[in-house]
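> fold the following, please.
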Amino acid sequence: MSGGEAPGARLRRVFSPGRQGRPRLWTELALIVIGYGLYSVTRDAVPSQKAVAIRRAGSVLRFEHRLHIDIELTINHAVDKVTPLIVGMNYYYATLHFLITIGVLVWLYVRHPQAYRAERIVLFVVTVSSLAGFYFYALAPPRFLPGAGFINTVVTHHTWGSWGNSGVDSVSNQYAAMPSDHIAWSGWCGIMLYRYAGQRWIRIAGLLYPLFTLTVILATGNHFVLDAVVGALNLGLAFGIRYAATRLWRRRAIAGALLPPPRAQHDGRGHEGALGEQRGVSDPETAVEQRDG
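Residues are numbered from 1 along each chain as shown. The predicted model follows:
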């Protein structure tokens, strides 16, 4: 990187989706630190928003009931009857969601560096916008809603490492239901696997992964249907922002490439000057007229 590089050009090189190869590792670590810092801000705001988060959960459930899409309670009770299944889903919700996303990121970084730069920006944008939603619209998950009949599966089945254990709530935002990052991240992973995986079965698994994640977040009582819908819209918005930025940068690059080189300036010492001066005419426009006339 040259010392005189303009800040705008530096940002375009870091965030643009060209084939520059994999970015430096420190850049990726910086993004992780920024993301965790923003998450910590939302977590620290939880105590003051607990009451309003629970009230909002009741409003969301009533709104879904009017739309006839309130299927969370039915799925929650149905899956809870199969203990091994619901326990597996509890562990999936608490762990695999993060591990699979990290795994896909590392896979892109190693195997598809030409795509990694652009695709990880989509994930970063969707995560930051989700954190904004958590901060400004704290929402309790269905399992925290009193009197609604939801089974808190992580507490009932004593899932190790889950949000139902003491101590976990001190490092997690339990009222970060809207939008669903599980849906946004699993959708991103599914799209990445479908786009870049060579084997058909992996591409099919990528398409099924968000659907299975949707079942898990509803069965465990961690999200409403509307949380999932907004999470999917959030992912679409992130891809849209990346697409718009890509087109803008490419247009600027093309425009810069098509600009004619600047005319040479006559310095009075016999050096080659502008068009008119090369022909012994003091006015370049006169030279153009002579050429065209």
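
> which helix runs longest in the chain?
When the chain is parsed with DSSP state H, its longest helix is helix 225-258.

> check contacts around the spatially closest residue to residue 218 that is not a sequence neighbour.
If the residues on either side of it in the chain are set aside, residue 218 comes closest to residue 75, at 4.7 Å by C-beta to C-beta, 6 or more residues apart in numbering. All C-beta atoms are positioned from the backbone trio N, CA, C, and that covers glycine. Shown in contact with residue 75 (C-beta atoms under 8 Å, 6 or more residues apart in numbering): 215, 218-219.

> what angle separates the host helix or strand of residue 75 from helix 225-258?
Using DSSP states H and E, the element containing residue 75 is helix 72-80. Comparing the axes of helix 72-80 and helix 225-258 via axes from the mean of the first three to the mean of the last three C-alpha atoms, to 10 degrees yields an angle of 100 degrees.

> could you give the angle of the next helix or strand along the chain from helix 72-80 to helix 72-80?
Downstream of helix 72-80, the first helix or strand assigned by DSSP H and E is helix 83-91. Helix 83-91 runs at 120 degrees relative to helix 72-80, counting by the same axes, to 10 degrees.

> which parts of helix 83-91 are buried?
86-87, 89-91 (16 or more other C-beta atoms under 10 Å).

> can I get the contacts of residue 75 in JSON lines including neighbour count?
Output for those, formatted as JSON lines (neighbours: other C-beta atoms under 10 Å):
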{"residue": "215", "neighbour count": "13"}
{"residue": "218", "neighbour count": "24"}
{"residue": "219", "neighbour count": "24"}
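
> how many neighbours does the residue lying closest to residue 90 once chain neighbours are set aside have?
Distance criterion C-beta to C-beta, 6+ apart; nearest residue to residue 90, sequence neighbours excluded, is residue 159 at 3.9 Å. Neighbours of residue 159 under the rule other C-beta atoms under 10 Å: 21.
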